[in-house]
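# When you get a sec, could you give me coordinates for this:
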Amino acid sequence: MPDYIIRPIYNDQQDEIVDLIIHIQQQEFNIPVTLNDQPDLLDIEKNYHAGGGNFWGAFKGDELVGTIALIDIGHHAGTIRKMFVKDGHRGTGLAQQLLDTLLHYSREKQITDLYLGTSAVLKAAHRFYERNGFVLTDINEFPTYFPRMPVDTMFYWLEIG
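Down below sits the predicted model:
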């Protein structure tokens, strides 16, 4: 397995974050989403770190090759966002390392419920979440404080201990 460094990242790496995520969304999966649809990416520190969440980057050397983020939504709950792994690094265990980093942090913060929304076209992501115990859940069963993204059409929940 390649050696990756996973660490919190901040606004000073915004351009790299945006380039990675937008490329994967638009070029690889043809998801009709733009940067304007994701204003959270324009201020990582305000939208993720300031509220008790976090935003992690995975690096191979100096190159950003993956991301995952957590928004602390209160009520001992969190929302997973921006989980992306660059082509060429998928299937290496990196996605699992990113998720494990987020789960460890969530437990430290006494978060017991994790929620996420995703696009129907991201089939490998669905399998990954289900392998990790996430349950496909109707959005109407999610709490009202879950911050839904308009592009998301499938929703998963995980209770963690």
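
# which regions of this protein lie under the pLDDT threshold?
Within the chain, the set of residues satisfying pLDDT under 70 comprises 1-2.

# Recalculate using a threshold of 80.
1-2, 161 (pLDDT under 80).

# and the top strand by length along it, what other elements does it pack with?
In the chain, ranked by residue count with DSSP state E as the criterion, the top strand is strand 63-74. Here strand 63-74 touches helix 14-22, strand 54-60, strand 77-85, helix 94-108, going by 3 or more CB pairs under 8 Å, 6 or more residues apart in numbering; DSSP states H and E. Glycine gets a C-beta too; all of them are placed from N, C-alpha and C.

# name the helices or strands packed onto the shortest one?
So that's strand 54-60. Short answer (3+ CB pairs under 8 Å, 6+ apart): strand 54-60 packs on strand 5-8, helix 14-22, strand 63-74, helix 94-108.

# so after the longest one, what's the next helix or strand?
Proceeding C-terminally, helix 94-108 gives way to strand 113-118 as the next helix or strand, assigned by DSSP states H and E.
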